[in-house]
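Visitor: Let me see the structure of the following:
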Amino acid sequence: MQENQTEFDVIVVGSGMAGGWAAKEFTEKGFKTLVLERGKHVEHGADYEGERLNPWDMKHRDKVTPEEMEKDYPVQSKCYAFQESTKQFFANDNELPYSTPEEKPYSWIRGNHLGGRSVLWQRQVYRWSNLDFEANKKDGHGVDWPIRYEDISQWYDYVEKFVGVSGSKENLAHVPDGQFQPAMSLNCVEEDIKAKLESKFSDRKLIIGRCAHLTKPTQEQQDLGRIVCQNRAQCQRGCSFGAYFSSLSATLPAAKRTGNMTLMSDMLVERLVYDEALGKATGVKTIDTKTGARSEYKAKVIFVCASTLGTVQLLLNSTSKTFPDGFANSSGALGRYLMDHHFQVGATGKHPGFKDKYYAGRRPTGIYIPRFRNVDDKNDEFVRGYNFQGAAVRESWEDVAKKGGIGEELKHNVSRPGDWKFSINAFGETLPYAENRATLHPDKKDKWGIPQLHIDCTVYENEKKMRLDMAKTAREILESANLVDIETFVEEPVPGICIHEMGGARMGRDPKTSVLNQNNQCHDVLNVFITDGSAMTSSACQNPSLTYMALTARAVDFAEKQMQQGIL
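Guide: Sure, this is the predicted structure:
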């Protein structure tokens, strides 16, 4: 960036899953692009502090003390990936406060660094189909998506080739096949369960999880310094090999090599600037979180990719004479229809066989049982459906050690693998309810004077009925495979903890009921686009990140054509 440069072709707010893609696409098309990240700078590889450390190399053996969790990470510590080796990639809850009604807890899991949660994600990637894009229209919940699978399929192709997705071709219409690198392998127990399950149920399949890990890198991926997955399964610590996709390993380096990207970390976007006379956004106002200095940057086009709730907070705070209730909010839909997948329902059991078998490495993906409920059949208790994810593993020395014992018996037990265990966890669709919403708190503000977000979100009857079916079906699946010591689990659902939050600035056909059109463009302000999870009109039950990426690439393609024609 030239010294004191404040004008660009494009501003991208956020550097994570969607923001990284917007940066890559615009810079490769020749546009001078400013990327603004509110969190700290992280250098790919060099700043992965926990990478390659053994438990005994860390002060607390990869645990975080209860005192520190209670003091600084009461929300973040609820995440499965929160450990001593990954703590640096989680936001300090004291620095980023928000509020909820006392009776409606919400777990907002956040990173506060360059790359965002693309460093932390579980890397499961599944396409949506018309079963998902048509669901709202068919059952009357929410508004109709303004796109269908045919509108986005080529963009799934496009991003999958760059990302690198390992998976198997299954010919399932409701979970379409993609551009896959070689799939990882099921282990012997998973193969056995697959055979028994599919022989008993014609509508159920067990497949290897489709994941954003390189198994046969392309030349393009190698040119970015990315190599084949090493099967360490320590992905949330950061991967200097670039074997899994993140914006730090892939999209941001691709953008950087063009020479067209200016990247600023520690730069909080306070509000979008709206010009009443022009009827468009002219830029953003920012706060340097290190110095407190305030600045304004201008651009022809703005892509807001600050994560679902971060985007909603920014838009609500960007008021003007035209939009007193939040940016581009003539519909009143801004902040409403929040969704997150509900999970933590499933079953676990032991497989009595294969005591002479083990596996090599730590495979970074598990098994996937695609949705079968309300696909061809119809459940009268609830609409939509769910999938299962899980894995079969042998108990390790850590599991055996927890069972107690002393002396020779303990040494004997921990030196040998334990039983084979198989677990599955359901991921269910949440309907878009207007009552599930985020607003700005009328009194509470953060350290920068920005109103805190107040999140009012809960689980309703459709999801509760679905959860009963999830538990019943999980046991049914394990029983079909002749597992023993089967136990089901059903935890109290807390929105946010699945970290698949969506909605708040949804796409739709009608400007009166939605924030965005079919191109992820604000109905009210055509030079502002939103392509992160806030744009989602429904939640489906598949992991959503691949769809964010495809929507972003598609929206940039549209914006570029509009810019070339002088429309934007």
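Visitor: can you pull out the helices in this structure?
Guide: All helices of the chain, identified by DSSP state H, fall at 17-28, 66-72, 130-133, 135-139, 149-163, 188-200, 219-223, 252-256, 308-317, 397-401, 407-414, 461-480, 545-564.
Visitor: To Asn231, which of the ones you listed lies closest?
Guide: Ranking those by proximity to Asn231 (Cβ to Cβ) places helix 188-200 first, at 15.8 Å. Just so you know, the C-beta spots here come from the backbone N, C-alpha and C atoms, and that holds for glycine as well.
Visitor: And that closest one, what does it pack against?
Guide: strand 345-351, strand 367-369, strand 386-394, strand 420-428, helix 461-480 (3 or more Cβ pairs under 8 Å, 6 or more residues apart in numbering; DSSP states H and E).
Visitor: please redo it, this time with the cut-off set to 7 Å
Guide: strand 386-394, strand 420-428, helix 461-480 (3 or more Cβ pairs under 7 Å, 6 or more residues apart in numbering; DSSP states H and E).
Visitor: Quick one, which of the ones you listed gets closest to Glu49.
Guide: Taking the helices and strands packed on helix 188-200 one by one with Cβ to Cβ, strand 386-394 is closest: 27.0 Å.
Visitor: Partner strands of that closest one and their direction?
Guide: Applying DSSP bridges to the sheet, strand 386-394 is found paired with strand 367-369 (antiparallel), strand 420-428 (antiparallel).
Visitor: For the ones you listed, give me TSV that also has distance to Glu492 and mean pLDDT.
Guide: Below are the strands paired with strand 386-394 laid out as TSV (distance: least, Cβ to Cβ, whole Å; pLDDT from 0 to 100):
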stretch	distance to Glu492	mean pLDDT
strand 367-369	23	98
strand 420-428	14	98
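Visitor: follow-up on the earlier one: possible to save the helices of the chain as TSV with mean neighbour count, mean pLDDT and distance to Arg271?
Guide: Compiled in TSV, the helices of the chain are given as follows (neighbours: other Cβ atoms under 10 Å; pLDDT from 0 to 100; distance: least, Cβ to Cβ, whole Å):
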stretch	mean neighbour count	mean pLDDT	distance to Arg271
helix 17-28	29	98	18
helix 66-72	13	96	28
helix 130-133	20	98	33
helix 135-139	16	97	31
helix 149-163	18	98	30
helix 188-200	17	98	50
helix 219-223	14	98	38
helix 252-256	22	98	25
helix 308-317	25	98	5
helix 397-401	14	69	49
helix 407-414	12	79	57
helix 461-480	19	98	34
helix 545-564	22	98	21
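Visitor: dump the residue contacts of the residue located most distally from the centre of the chain.
Guide: For the chain, the largest distance from the centre (Cα atoms, centre = their mean) belongs to Glu408, which lies 46.2 Å off. By Cβ atoms under 7 Å, 6 or more residues apart in numbering, no residues touch Glu408.
Visitor: Repeat that for Ser396.
Guide: Counting by Cβ under 7 Å, 6+ apart, Ser396 touches Pro417.
Visitor: Among the helices and strands packed on helix 188-200, which comes closest to Pro253?
Guide: Of all the helices and strands packed on helix 188-200, it is strand 386-394 that lies closest to Pro253, at 29.7 Å by Cβ to Cβ.
Visitor: Adding distance to Ser247 as columns, could you present the strands paired with strand 386-394 in TSV?
Guide: What follows is the strands paired with strand 386-394, written out as TSV (distance: least, Cβ to Cβ, whole Å):
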stretch	distance to Ser247
strand 367-369	24
strand 420-428	24
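Visitor: just so I know, which of those strands lies nearest Asp532?
Guide: The nearest among these, by Cβ to Cβ, is strand 420-428 at 19.6 Å.
Visitor: Compute the inter-axis angle for that closest one and strand 345-351.
Guide: Strand 420-428 runs at 160 degrees relative to strand 345-351, counting by axes from the mean of the first three to the mean of the last three Cα atoms, to 10 degrees.
Visitor: Many thanks, we can stop here.
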